[in-house]
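Engineer: next one to model:
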Amino acid sequence: MASGACNCGTVAFEVDRDLRDVFVCHCSICRRYTGGNGIAVVVVPNDAFRWLSGEDHISSWKKPDADWESHFCSVCGSCLPGPNDEKRMFIPAGLITDGGEKLRAAHHIWVGSKAVWDEIGDKGKHHLEGFKN
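Structural biologist: Numbering: from 1, shown residues only. This is a model prediction of the structure:
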């Protein structure tokens, strides 16, 4: 079991799973989204995820001509969980407040387009493009 929230605490959620593997996306879209080297997320089945509060404060933006959508708190602007595909949710790993003790970077995706200044220093597996599971 894990839980998390945005920076201001308005949007909160719970996950009915032990969390372990972190996927770090290094693509240019995720870099622009976070302003950093990409985004670190955990991926969970839809039925394991539950909003606790603040759903009415979730805003989203869909990138034109791309299969990419961002979700963020309309109060504080924190990145928020969203659909990964029809069966799974992605959760920005930095939002996990409880239950993330076993998290580790397991996969780095889209490293073929990472920033030139981005040095990956952990043992996660590198994928030049996305991860197929």
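Engineer: make it CA atoms for all contacts and neighbour counts henceforth
Structural biologist: OK.
Engineer: list the helices and strands the regular element (helix or strand) spanning residue 72 packs on?
Structural biologist: Residue 72 is located in strand 69-73, with elements delineated by DSSP states H and E. In terms of contacts (3 or more CA pairs under 8 Å, 6 or more residues apart in numbering; DSSP states H and E), strand 69-73 is packed against strand 58-62.
Engineer: hey, where'd the strands end up in this protein?
Structural biologist: 2-5, 12-15, 21-25, 39-45, 49-53, 58-62, 69-73, 82-83, 88-92, 96-98, 104-109, 125-126 (DSSP state E).
Engineer: reformat these as CSV; add distance to residue 118, mean pLDDT and mean neighbour count.
Structural biologist: Listed next are the strands of the chain as CSV, based on distance: least, CA to CA, whole Å; pLDDT from 0 to 100; neighbours: other CA atoms under 10 Å:
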stretch, distance to residue 118, mean pLDDT, mean neighbour count
strand 2-5, 27, 96, 22
strand 12-15, 30, 97, 21
strand 21-25, 12, 95, 22
strand 39-45, 12, 95, 21
strand 49-53, 31, 97, 15
strand 58-62, 26, 92, 14
strand 69-73, 22, 92, 18
strand 82-83, 25, 92, 18
strand 88-92, 19, 95, 20
strand 96-98, 23, 92, 16
strand 104-109, 12, 94, 20
strand 125-126, 13, 92, 14
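Engineer: ok, which of these comes nearest residue 32?
Structural biologist: Residue 32 lies closest, by CA to CA, to one member of the strands of the chain: strand 39-45, at 9.7 Å.
Engineer: what pairs with that closest one, parallel or antiparallel?
Structural biologist: If you go by DSSP bridges, strand 39-45 pairs up with strand 21-25 (antiparallel), strand 88-92 (antiparallel).
Engineer: export those strands to JSON lines and tack on distance to residue 4?
Structural biologist: Formatted as JSON lines, those follow (distance: least, CA to CA, whole Å):
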{"stretch": "strand 21-25", "distance to residue 4": "15"}
{"stretch": "strand 88-92", "distance to residue 4": "9"}
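Engineer: for residue 121, find the nearest of those strands.
Structural biologist: strand 21-25 (12.1 Å).
Engineer: so residue 113 sits against residue 27, correct?
Structural biologist: Yes. Look at residue 113 against residue 27 with CA atoms under 8 Å: they come within range, at 5.6 Å.
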